[in-house]
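Trainee: return a 3D structure for these sequence lines:
(chains A and B)
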Amino acid sequence: MADLEIREVRKKYDEVTVIEGLNLRVEDGELVVILGRPGAGKTTTLKVVAGIEPVTEGQVFIGREDVTLVPPEERDVAMVFETYALYPHLTIFDNITFSFRAPARSERVGEEEIKKRTREITDMLEISHLLDRKPRELSGGQRQRVSLARALVRKPRLVLMDEPIAHLDARLRHGLRPDLRNLLKERGLTALYATTDYLEAFGMADRVVILSEGEVLQIGTREEIFGRPASHKVGELIGIPAMNVIQNAKPVVREGQMYLNANGFQLKIREEQRRIIEKKALSDVKIGIYPSEIDIIGTGDKRKATVTGELYVYEPLGAKGSLSVKIGNEILKVQTAPRMRKGTIGEKIRLHIDPKTIHVFDSQNGTNILES
Amino acid sequence: MDKLKLENVWKYYRGKDIEAVKDLSLTCEEGECLAFLGPSGCGKTSTLRMIAGLEDISEGSIYIGKNRVNDLPPQRRNIAMAFEDYALYPPLTVFENIAFPLQAKGVPSKEVKQKVRRVAEVLRIDDVFQKTPSELSGGQQQRISLARALVKDGVELVLMDEPISHLDTTLKNEIRTEIKRFHVELGNTIVYVTHDQLEAMALGDKIAVMNLGTLQQLGTPDELYDKPTNLFVAGFIGEPPMNLVNCGLSRENDELHLQSACFKLTLSTEDANRLQGNATDELVVGIRPGDFELGQIDGPEFVSISGNVYAVELVGDMTVIYLKSGEERLLLTVLGTLDLKANQNLVVSFSTEYVHIFDRKTGRSIG
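Mentor: Numbers count the residues shown, from 1 in each chain, chains lettered A, B, ... in the order given. Below you'll find the predicted structure:
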């Protein structure tokens, strides 16, 4: 158990920069999840921390010790990668307990304790009945759970996990999420975890790191990131459907209020946003609104419409629906309650958008104007 | 009118060793989008390839429009295809690739330009018109193949095999919306293959859920969600997935009860009658995560469960609650963010109206 610090790390492959000036601290016992698309640099970050890939520049500290030049087997780090490298000739039990027998910085653990810990973790992962088998007799999902068990049965200084449950079916994935988190917490393990699934990231993490094209866009808790996305790219990575981002909105003042003039409609913004727009003399911004924060005004609802558009497409998504509303040249996605009437294409839709829910981003660099 | 009809279709590989598609019969009407949905190996792609004429039909008949097409080569089936292996013409530019089927039919060049531009704009590929396929990413190539299939007119069917699987989530969702819009606007008949249940739900007018070569259910998105015919469909549609709780049947006085480790549910006379005809009393009750309400609710149609919260996830506008009640673990979703502590006690209720009952052995729905 230890904390982790990544300081000014850059990683280049030939001429391609994969990670650009990465700074990150993971506290002792903390679970930090890196959220990003494929190719964002998540796996490379984990490999650099593990020591599988050397850094091009910068330093990695584990437990305040500079491990930048320490080989992977001496870092005392456990890894669960998307591809599970199990020893084909060993039984599942021997695979899971292997690290006790060839320890890097070994804890001295007796056979009884090894068995007890193995039992505990394999029960949780529902693989206790497979302990005598060989890897080839197991399904992909079962093998992935074996590799999880192998990583967590020991108490390494740091656990690294790269999409460890992405390939399991929905039932197992949802079943394992809380167990995995509880297990890490109970053992007080420090963990860095990578995923492309925003539900998994926010559901499990103490803090989330949003990574895009090798750069950290934001680090924070769920409230911090949802409440104030640092850039429109952050908004686009979270939520189903993702945040609506409207380009080229122009600030105008009308009757003492500031509005943002988008292509064919206007949205009122808050005073704190107005002050910054005026201070920075921004003439062109992006607007971000989460689909779950737009209300459809039903019949009998007395509220005034903020914008009116027409139904472009309705997509049922089971527990909820996604309604696309066309307003001028923009399409706004609105999250709807389940079992909503389908509506007809072209039908008039009136929307209510509260200024509290509007995020404004700088068109030049994409950052939230309230940041900085 | 049926645009596509499959009659007792089988697909074998290696002699008769592997049955990839088993006795599949269904129809797709003109103007409908029919989505084949299932995990890998379920037979959905084999089915599509038989419809396209890229695979032989081992047994049975396939009709496109009025014609039985079993013996027709793909080019004579009057279809457009957007397949995973793209099949773009390498020496042609993006524009030429998309325009080709239109030009081949002698559409005037002004109209060709207009149509190609429109589809390329909504699929976000109008900025790469002058490039050739080899210069593009997999996701861009997919969209060109998709654009070409969408502009080709006068065809009976448009076939799409995972056409947006290589795109990142944001773009995937945008393009999905546009495919649906195109479909509704043009009224073309689409057969769409995907393993992604959200994609199938969003796009399909009807969805054919397949597993292990067999059709599990054919229905609208609402039917699949509200009335899954078996445990496979119940578990495959919806995320987070439906809670499935093992139950037995017990009789007290004149009432039938479903008894599980965490609740006892009194059946309505109607359900009781239906269940009595069923040979087994080993049942599974399914409850969707969103169909729970917090707190005790009194009333004959409500059932309450008391449990221990063992994890809480706050995600966006939703709270996911993991509840342990006896030996059962339940997953609930509630709109809004709730201040719940791990290990605290919680009572939740559900209405028997939203309960699904299955036979544990056969997996079939019985109410």
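Trainee: may I ask which helix or strand encompasses residue 61?
Mentor: Reading this off chain A. Element membership for residue A:61 (DSSP states H and E) is strand A:57-62.
Trainee: actually it's chain B I care about, not the one you picked
Mentor: Element membership for residue B:61 (DSSP H and E) is strand B:59-64.
Trainee: I'd like the average pLDDT over the very next helix or strand once past that strand.
Mentor: Counting by DSSP H and E, the next helix or strand C-terminal to strand B:59-64 is strand B:67-68. Average pLDDT, strand B:67-68: 96.
Trainee: which residues are in contact with the closest residue to chain B within the stretch 251-372 of chain A?
Mentor: Of all residues in the stretch 251-372 of chain A, the one sitting closest to chain B is residue A:315 (3.6 Å; CB to the nearest CB). For every residue, glycine as well, the C-beta is placed using N, CA and C. Residues near residue A:315 by CB atoms under 8 Å, 6 or more residues apart in numbering or on different chains: A:321-324, B:176-177, B:180, B:201-203.
Trainee: each with direction, which strands does the strand holding residue A:61 pair with?
Mentor: As defined by DSSP bridges, the strand partners of strand A:57-62 come to strand A:4-13 (antiparallel), strand A:65-66 (antiparallel).
Trainee: for the shortest one, which outside residues touch it?
Mentor: When you say that, I think you mean strand A:65-66. A:59-60.
Trainee: buried set for the helix or strand just after it?
Mentor: Remark: after strand A:65-66, the chain's next helix or strand is strand A:77-80, criterion DSSP H and E. For strand A:77-80, burial by neighbour count (16 or more other CB atoms under 10 Å in any protein chain shown) applies to A:77-80.
Trainee: what's the closest of these to chain B?
Mentor: Nearest to chain B out of the buried residues of strand A:77-80 is residue A:80 (CB to the nearest CB; 19.7 Å).
Trainee: bridged to that closest one, which residues?
Mentor: residue A:161.
Trainee: wait, it touches residue A:151, no?
Mentor: Yes - shown here, residue A:80 and residue A:151 form a contact pair, counting by CB atoms under 8 Å, at 4.6 Å.
Trainee: just confirm residue A:252 is within a helix.
Mentor: No - membership of residue A:252 in a helix is not supported by DSSP: H, G, I helix; E, B strand; the rest coil, which gives strand.
Trainee: quick one: residues contacting it.
Mentor: Contacts of residue A:252 (CB under 8 Å, 6+ apart): A:258-261, A:266.
Trainee: in CSV: the strands paired with strand A:57-62, plus distance to residue A:236.
Mentor: Output for the strands paired with strand A:57-62, formatted as CSV (distance: least, CB to CB, whole Å):
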stretch, distance to residue A:236
strand A:4-13, 24
strand A:65-66, 36
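Trainee: most tightly surrounded among these?
Mentor: For the strands paired with strand A:57-62, the largest average neighbour count (mean count of other CB atoms under 10 Å in any protein chain shown) is found in strand A:4-13, namely a mean of 17.
Trainee: tell me the helix or strand right after that strand.
Mentor: By DSSP H and E, the next helix or strand past strand A:4-13 is strand A:16-26.
Trainee: show me which residues of that following strand are buried.
Mentor: Residues of strand A:16-26 classed as buried: A:17-19, A:22, A:24, A:26 (neighbour count, 16+ other CB under 10 Å).
Trainee: for the stretch 251-367 of chain B, which segments count as strands?
Mentor: Remark: strands assigned in the stretch 251-367 of chain B by DSSP state E, counting those that start in this stretch are B:255-260, B:264-266, B:283-287, B:292-294, B:302-315, B:318-325, B:328-335, B:345-351, B:356-359.
Trainee: which one, of these, ends up nearest to residue B:51?
Mentor: Nearest to residue B:51 among those is strand B:356-359 (31.6 Å), distances taken as CB to CB.
Trainee: where's the closest one relative to the chain centroid, distance-wise?
Mentor: 21 Å (CA atoms, centre = their mean, to the nearest Å).
Trainee: can you spell out which helices and strands pack onto that strand?
Mentor: Other elements packing on strand B:356-359 under the criterion 3 or more CB pairs under 8 Å, 6 or more residues apart in numbering or on different chains; DSSP states H and E are helix B:231-236, strand B:283-287.
Trainee: low-confidence ranges, the stretch 201-350 of chain B, go.
Mentor: Low-confidence segments of the stretch 201-350 of chain B (pLDDT under 70): B:278-279.
Trainee: circling back to that earlier point, max pairwise distance over the buried residues of strand A:77-80: which two?
Mentor: A:77 and A:80 (11.0 Å).
Trainee: any residues in contact with both of these two?
Mentor: With CB under 8 Å, 6+ apart as the test, residue A:77 and residue A:80 both reach A:159-160.
Trainee: that older thread, so among the contacts of residue A:252, which ones count as buried?
Mentor: A:258-260, A:266.
Trainee: how about the residues of the stretch 151-300 of chain A by chain B?
Mentor: Residues of the stretch 151-300 of chain A found near chain B (CB under 8 Å from any CB of the partner chain) are A:169-171, A:174-175, A:177-178, A:181-182, A:196, A:198-199, A:202-204, A:222, A:226, A:236-242, A:290, A:292-293.
Trainee: just the buried residues of these.
Mentor: Taking 16+ other CB under 10 Å as the criterion, what is buried in those is A:170-171, A:174-175, A:177-178, A:181, A:196, A:198-199, A:202-204, A:222, A:226, A:236-242, A:290, A:292-293.
Trainee: how about residue 88: what's its closest non-neighbour residue?
Mentor: Going with chain A. Among residues not flanking residue A:88 along the chain, residue A:135 sits closest, at 5.5 Å (CB to CB, 6 or more residues apart in numbering or on different chains).
Trainee: the intended chain is chain B.
Mentor: residue B:133 (4.3 Å).
Trainee: and the helices in chain B?
Mentor: Here chain B has its helices, by DSSP state H, at B:44-52, B:94-104, B:109-122, B:138-151, B:169-186, B:197-203, B:221-226, B:231-236, B:269-276.
Trainee: ok, the longest one near chain A or not?
Mentor: Yes - figure legend: helix B:169-186 in contact with chain A (CB under 8 Å from any CB); contacting residues B:169-170, B:173, B:176-177, B:180-181, B:184-185.
Trainee: now the residue in the stretch 51-200 of chain A positioned nearest to chain B: phi and psi?
Mentor: Of all residues in the stretch 51-200 of chain A, residue A:178 sits closest to chain B, at 3.2 Å by CB to the nearest CB. Backbone geometry at residue A:178, expressed as degrees, to the nearest 10, gives phi -70, psi -30.
Trainee: that concludes my questions; thank you for your assistance.
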